[in-house]
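In: Here is a sequence together with a model predicted from it:
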Amino acid sequence: MLQGALAGLAAGGLYAALAVCLTLMSRLVRVVNFSQAATGMFGAFVAVWLVTAAGLPIWLGSVLGILLAGALSAAIGWIAATWLSEASTTARSAMTVGPLLLLISLSFILFGNKPQPFSPILGGPAFEFGGVVVSQVTVVMVLLAVVVAVAVQLILTKTAVGTQLRALSERPTTAELLGIPSKPLSIAVWAATGVISAIAIVIVAPSQSNDATSLAMLIVPASAAALLGGFTRPGLAVVGGLALGVLSGLVAQIEEVALIRNFLPFLFIVVLLLWTQRKEVWDSAR
Amino acid sequence: MNRRVIGVAALAAAALVLSGCGGASSSSSSNSPIVVGSINTRSGPATFPEASQAAAAVFDAFNQAGGLNGRKIDYKTFDDKGDPATASASARELVGSDNAVALAGSASLLECQVNQKYYEQQKILSIPGIGVDPGCFNSPNISPANLGPYNDMALTLFYGSEKLNLDKICVLLEIAGSTRPAYQGAIDTWSKATGKKPFYIDDTVQVGASDFTPYIVKAKNAGCKSVAINAIEPDAVAQVKAANAQGWNDVTWLYLTSVYSDNFAKAVSNAGSGIYVPAEFYPFTDASNQINKEWRDLMTKNNIPLTSFSQGGFLSAKYLIQALQGIKGDVTRESVTKALHELQPIQNPMVGTPYTFGTASTHANNTAAWPIKLASGTNAWQSSGSDWIKLPQ
């Protein structure tokens, strides 16, 4: 049982890191970014190409790939900030489906549809805990998720930039009238989340299915995790990600329920939606 | 005046169109190309593009060498996108409107199951390069060039238990569509031949899961000494990596031909106690041998990946050409079907058993495989025996 739970923790850490990025985007720039994992995937694929075809050292290739993912994300953010600044959250979120599909297709065209030969940065077991093996990837992923969530909380509450960001998200017009530079700040948020999700994907990709579709579709469990925090609270998003990972690890161990593992994120989403809507009533508004 | 000119022009155009039609129909039998088709999954969740590329290269070379007494082969390939409706529509276009005489070199996730009844109705035969779904092995009209995943599963279990003397073999199955009974059949074949049973069977392994750690941990904790898995390449890489991360280094992997590629060997450094695969065709990674030379030269010339799939496509096109060359008289669907039904067994050193079509109600005549292995740290496949392995009948 414990082993099963820990087995899902690496995946959980990845979901959590992506969920924190999603939460950040939703809270600060009013968008559910469906291309969150896809930009990371594309950066990671470019990193592999730089290492295998251009002969760069692994660390340099990875850094360049991660920076590219940040730049891609910033470019999408620039589009949102330039043409969709007054649009609704729904419209802005729908726009991100475009880059998601574009990046999947582009990586098929550029890199083929086979999995990429990632050279692992981390590999092997980190330590044993009561006869249970915890892999290095697990340790790093969980740490990454927690560190990102804590850092986000600190930046938002303790720094001047954080205050400006919160002002922008809560009273955009007032903030702009006060002279807060809305466009550069929101593009910076896009770039930062692009970099964070690329780091997470570069770490995890060597040890799991790493074709373009499965990496880009990590957005589904990540959204499920972010939903636990209502797309506003990074701490709960981390909890959601880790819980989802642990749960899917556990479920695989039990013969009778192993099949539901395949759609666990969707079950998670449905249950959460039902729970959050439990006090709603059918009134004249519906 | 003007009106008269237009009238004359219209008449002339009509005459041209009519004569054009007449000309086409009169020359159809003697000089028009022979249409051969194939239906392939080239896009979608799992893709098999090489088989039809290889078959196309064989037909091109055949056409360049003069074709069949001057008649060229027009090879039409369709992408079914892994979608039953597209597979069905493609077959109807190929057989119904393009008037294909036979199919060769197909490799699809589901085409055989979807179209086998239609082929029976239309009395057309298919030689898939790579038969994947169970429908390729249970129809009188389809006889694949390859061994197929089910016989391959039986052989990988047989090799593991009898030649490598492994015990506690766990079977992990990724089930796509309705393939579960076919895999059970393979496991039963192995049990009947050896008297052994799998330590356990886990048929819940997700196709294309993002993380396989939970399944690997389950197998490790249950005490499996080796695992037999039917995964395709991307999943298999992830499964081996998941075991590496768990520090499970004494496991022996029994995979199928689907993981036999240079790409896989490069991606896997720590192969535990070894990855063993029964290759459906003579191993292509040994560049020096002469058995694969014709295939290797043709693939290299046309920039087609060297894989088992391109071996299957190559062979299926060769088999069809041999049948076509035996036809006396006009090449029609009826004469091609008859030629394939009466085809004498074709020996080819690239496969362990001769190819036949015949009139049996099902076809699975390729029953041999060549054992190969990937050892830790080598990043290259090696031959693991000196002869074909066959299931005892």
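Out: Cool, the structure landed.
In: Strands of chain A, start to end?
Out: Listed in chain order, the strands found in chain A under DSSP state E are A:125-129, A:132-135.
In: Deepest in the core, which of those is it.
Out: With neighbours defined by mean count of other C-beta atoms under 10 Å in any protein chain shown, none of these is more surrounded on average than strand A:132-135, at a mean of 21. Heads up, the C-betas are built off the backbone N, CA and C, glycines and all.
In: Parallel or antiparallel, list what pairs with that strand.
Out: For strand A:132-135, the paired strands and their directions (DSSP bridges) read strand A:125-129 (antiparallel).
In: Can I get the strand it pairs with as PDB, trimmed to CA atoms?
Out: As requested, C-alpha coordinates have been extracted for strand A:125-129 and formatted as PDB (Å, rounded to 0.1, in the frame of the first residue of the first chain):
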ATOM      1  CA  PRO A 125      16.500   5.400  -6.300                       C
ATOM      2  CA  ALA A 126      17.200   8.200  -3.800                       C
ATOM      3  CA  PHE A 127      16.600   6.300  -0.600                       C
ATOM      4  CA  GLU A 128      14.700   3.500   1.000                       C
ATOM      5  CA  PHE A 129      12.000   4.200   3.500                       C
END
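In: Now do the same contact list for the closest residue to chain A within the stretch 51-200 of chain B.
Out: Across the stretch 51-200 of chain B, no residue is closer to chain A than residue B:200, which sits at 9.4 Å (C-beta to the nearest C-beta). For residue B:200, the contact set (C-beta atoms under 8 Å, 6 or more residues apart in numbering or on different chains) comprises B:170, B:171, B:222, B:224.
In: and what of residue B:79?
Out: With C-beta under 8 Å, 6+ apart as the criterion, the residues that contact residue B:79 are B:40, B:41, B:42, B:43, B:86, B:90.
In: Contacts only, for the residue nearest to residue B:148 when sequence neighbours are not counted.
Out: In this structure, residue B:148 finds its nearest non-sequential neighbour in residue B:131, 5.0 Å apart by C-beta to C-beta, 6 or more residues apart in numbering or on different chains. When contacts are counted by C-beta under 8 Å, 6+ apart, residue B:131 is found next to B:112, B:137, B:142, B:144, B:145, B:146, B:148.
In: ok, 10 Å please
Out: Under the criterion of C-beta atoms under 10 Å, 6 or more residues apart in numbering or on different chains, the contact partners of residue B:131 comprise B:106-108, B:111-112, B:137, B:142-150, B:312, B:316, B:363-364, B:366.
In: before we move on, back to that, can you redo the strands of chain A as JSON lines with mean pLDDT?
Out: Supplementary listing: the strands of chain A in JSON lines, determined by pLDDT from 0 to 100:
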{"stretch": "strand A:125-129", "mean pLDDT": "77"}
{"stretch": "strand A:132-135", "mean pLDDT": "79"}
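In: Rebuild these as CSV, extending it with distance to residue A:258.
Out: Putting the strands of chain A into CSV (distance: least, C-beta to C-beta, whole Å) gives the following:
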stretch, distance to residue A:258
strand A:125-129, 24
strand A:132-135, 20
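In: Among those, which comes closest to residue B:121?
Out: Smallest distance to residue B:121 across the strands of chain A (C-beta to C-beta): 54.6 Å, for strand A:132-135.
In: before we move on, the earlier item: so which of the strands of chain A gets nearest residue B:175?
Out: So among the strands of chain A, strand A:132-135 is nearest, using C-beta to C-beta, at 27.2 Å.
In: Can I get that closest one in PDB? Just the C-alpha atoms.
Out: Only the C-alpha atoms of strand A:132-135 are listed here, as PDB (Å, rounded to 0.1, in the frame of the first residue of the first chain):
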ATOM      1  CA  VAL A 132       9.900   1.300   0.100                       C
ATOM      2  CA  VAL A 133      12.000   2.800  -2.700                       C
ATOM      3  CA  VAL A 134      11.700   6.500  -3.300                       C
ATOM      4  CA  SER A 135      13.200   7.600  -6.600                       C
END
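In: Leaving out the residues flanking it, which one is nearest to residue B:273?
Out: Closest residue to residue B:273 in three dimensions, ignoring its sequence neighbours and counting by C-beta to C-beta, 6+ apart: residue B:252, at 4.4 Å.
In: got the residue ranges for the helices in chain B?
Out: With DSSP state H as the definition, chain B shows helices at residue ranges B:2-26, B:50-64, B:84-92, B:111-122, B:149-158, B:180-194, B:213-222, B:233-245, B:262-267, B:293-301, B:308-325, B:333-341.
In: nearest to residue A:76, of these?
Out: For residue A:76, the closest of the helices of chain B is helix B:233-245, at 27.0 Å, according to C-beta to C-beta.
In: what is the mean pLDDT for the closest one?
Out: Here helix B:233-245 scores 86 as its mean pLDDT.
In: what do you get for stretch A:162-182?
Out: The model assigns stretch A:162-182 a mean pLDDT of 85.
In: Tell me the residues on the stretch 251-393 of chain B that lie near chain A, please.
Out: For the stretch 251-393 of chain B, the residues found near chain A under the criterion C-beta under 10 Å from any C-beta of the partner chain are B:261, B:263, B:264, B:266, B:267, B:268, B:269, B:270, B:305.
In: what two of those residues are the furthest from one another?
Out: It's B:270 and B:305 that sit farthest apart of those, by C-beta to C-beta, at 25.0 Å.
In: can you give me the strands for the stretch 251-393 of chain B?
Out: In the stretch 251-393 of chain B, the segments counted as strands under DSSP state E, counting those that start in this stretch are B:252-254, B:275-279, B:368-374, B:381-383, B:389-390.
In: rewinding a little: buried subset of the contacts of residue B:200, written for PyMOL?
Out: Below is the selection syntax for PyMOL that covers the buried ones among the contacts of residue B:200, with 16 or more other C-beta atoms under 10 Å in any protein chain shown defining burial:
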select buried, chain B and resi 170+171+224
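In: check the contacts of residue B:200 against chain A, which are close?
Out: Within those, those near chain A by C-beta under 10 Å from any C-beta are residue B:222.
In: List the ones among the contacts of residue B:200 that fall in strands.
Out: The subset of the contacts of residue B:200 located in strands under the criterion DSSP E comprises B:170, B:171.
In: So for the contacts of residue B:200, which is the shakiest by pLDDT?
Out: residue B:222 (90).
In: who touches that residue in this structure?
Out: Applying C-beta under 10 Å, 6+ apart, one finds that residue B:222 lies in contact with A:253, B:168, B:170, B:199, B:200, B:202.
In: what about the closest residue in space to residue B:332 that isn't next to it in sequence, neighbour count?
Out: In space, residue B:332 comes closest to residue B:101 once its chain neighbours are excluded; the distance is 6.4 Å by C-beta to C-beta, 6+ apart. Neighbours of residue B:101 under the rule other C-beta atoms under 10 Å in any protein chain shown: 23.
In: sorry, back to before: go through the contacts of residue B:200 and say which is closest to residue B:347.
Out: Set against residue B:347, the nearest of the contacts of residue B:200 by C-beta to C-beta is residue B:171 (33.4 Å).
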